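Enquirer: Here you go, sequence then predicted model.
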Amino acid sequence: SNANMLSGELATFLSGRYLVFNIHSLSYQEFLQFHQLENKFESLILYLRYVGMPFLSNIGLQEDLPYEYLRDVYSTILLKDVVARENIRNVSFLENLVTYLADNTGSLFSASNISKYLKSQRVDISPQLTINYLRALCNTFFVHKVVRSEIGGLKIFEIGEKYYFEDLGLRNAIVGFNQRADIHKLMENAVYLFLIQQNYKVFVGKLGDKEIDFVADKNGAKIYVQVCLTIMDESTANREFGNLLKIEDNYPKYVITLNDLLIGQDNNGIIQKNLMDFLTSEL
């Protein structure tokens, strides 16, 4: 059923070997093409709301009809791709775990923390079972695990990672679309999807006590990306630009905002782009 949805693997066998192609949900540019939309802010919000299941072009983006379809897709993925394929026994916990990931998209996460949280809700689940179920969700490309990496070094941190959804429409079908409360989460997830669609390997960057939202690597060439709603206030600008300025190399650095009026390149060489421009750019 992965052929109909989500990121899957298409293997072409050649003399006992095979090539792997990652098939993603629609990118923002593909979304515009499928739905015959112009690249404007209203189209970006539609993308963040419904994202990339191709069949949505047959349904239309009207009211709750897309979400009825997306909830059906979600149920199919959960039951066939995750539960059956991964031999999941505690389906109720799996559903609660997905909801937790949807509510905390892009937040630092640890299995022990969610286990403690669940115990506070009188649900006794071990950290190891949480890890197993997270692995099952990643194996079926429903979510992606992004680990933290030390900037300027080789260290990968084993504790604390982030999870992003392969398709935000499915995420929104689970917990609803709340533009005011969730817009930063949706922006981060959209930027992550764009980077992996461009064949970058993506990490969360750690620089001392500072965090860089994304460090993306393609064949040794890197880019650094900070995502924020706006930098119109000075304190936010100082934080987002300041974190990037602490990185002592000359790879491209970006600050991505939702819809700021003042964009371009500042004096320190950091490129600021609005989200819809970034999602239609060539890196």
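Expert: The structure has been received and is ready for your questions.
Enquirer: give me the low-pLDDT residue ranges for the protein?
Expert: For the chain, applying pLDDT under 70 flags the ranges 1-20, 262, 264-267.
Enquirer: What is the longest helix of it by residue count?
Expert: Longest helix of the chain, by residue count under DSSP state H: helix 179-197.
Enquirer: Where do the strands of this protein begin and end?
Expert: Ranges of strands in the chain, per DSSP state E, are 8-14, 17-23, 143-150, 156-165, 201-207, 210-218, 221-227, 253-257, 264-265, 271-274.
Enquirer: you'd agree Glu161 is up against His144?
Expert: No. Assessed by CB atoms under 8 Å, Glu161 is found out of contact with His144, at 10.0 Å. C-beta here means a position set from N, CA and C on the backbone, and glycine is covered the same way.
Enquirer: burial of the nearest residue to Glu248 once chain neighbours are set aside, as a residue count?
Expert: Leaving aside its sequence neighbours, Glu248 sits nearest to Gly152 (CB to CB, 6 or more residues apart in numbering; 7.1 Å). Residues lying near Gly152 (other CB atoms under 10 Å) number 11.
Enquirer: Hmm, Gly152 is touching Lys246, no?
Expert: No. The criterion here is CB under 8 Å, and Gly152 misses it with Lys246 at 10.2 Å.
Enquirer: Common neighbours of the two, please.
Expert: Residues touching both Gly152 and Lys246 by CB atoms under 8 Å, 6 or more residues apart in numbering: Leu207.
Enquirer: still on that earlier bit, can you give me every residue that contacts the residue nearest to Glu248?
Expert: Listed by CB under 8 Å, 6+ apart, the contact set of Gly152 reads Leu207, Ile247, Glu248, Asp249.
Enquirer: Can you tell me which of the strands of the chain is most buried?
Expert: strand 253-257 (a mean of 24; mean count of other CB atoms under 10 Å).
Enquirer: Now do the contacts for Asn104.
Expert: Tyr163.
Enquirer: how near is it to Arg171?
Expert: 11 Å (CB to CB, to the nearest Å).
Enquirer: would JSON lines of the contacts of Gly152 with distance to Glu63 be doable?
Expert: Formatted as JSON lines, these follow (distance: CB to CB, whole Å):
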{"residue": "Leu207", "distance to Glu63": "44"}
{"residue": "Ile247", "distance to Glu63": "45"}
{"residue": "Glu248", "distance to Glu63": "50"}
{"residue": "Asp249", "distance to Glu63": "48"}
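Enquirer: just those now: which is nearest Glu38?
Expert: Ile247 (35.7 Å; CB to CB).
Enquirer: I'd like the C-alpha coordinates of stretch 102-122 written as PDB, please.
Expert: Taking Å, rounded to 0.1, in the frame of the first residue of the first chain, the C-alpha atoms of stretch 102-122 are listed here in PDB:
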ATOM      1  CA  ALA A 102       1.500  15.300  15.900                       C
ATOM      2  CA  ASP A 103       1.100  17.600  18.900                       C
ATOM      3  CA  ASN A 104       4.900  17.900  19.400                       C
ATOM      4  CA  THR A 105       6.100  18.000  15.800                       C
ATOM      5  CA  GLY A 106       9.600  19.400  15.800                       C
ATOM      6  CA  SER A 107      10.100  19.300  19.500                       C
ATOM      7  CA  LEU A 108      13.100  17.500  21.100                       C
ATOM      8  CA  PHE A 109      11.900  14.100  22.100                       C
ATOM      9  CA  SER A 110      13.100  11.100  24.100                       C
ATOM     10  CA  ALA A 111      11.500   7.800  24.800                       C
ATOM     11  CA  SER A 112      12.000   8.100  28.500                       C
ATOM     12  CA  ASN A 113      10.300  11.500  28.600                       C
ATOM     13  CA  ILE A 114       7.200  10.200  26.800                       C
ATOM     14  CA  SER A 115       7.200   7.100  29.000                       C
ATOM     15  CA  LYS A 116       7.200   9.400  32.100                       C
ATOM     16  CA  TYR A 117       4.400  11.500  30.500                       C
ATOM     17  CA  LEU A 118       2.300   8.400  29.900                       C
ATOM     18  CA  LYS A 119       2.800   7.200  33.400                       C
ATOM     19  CA  SER A 120       1.400  10.600  34.600                       C
ATOM     20  CA  GLN A 121      -1.600   9.700  32.500                       C
ATOM     21  CA  ARG A 122      -1.700   6.300  34.200                       C
END
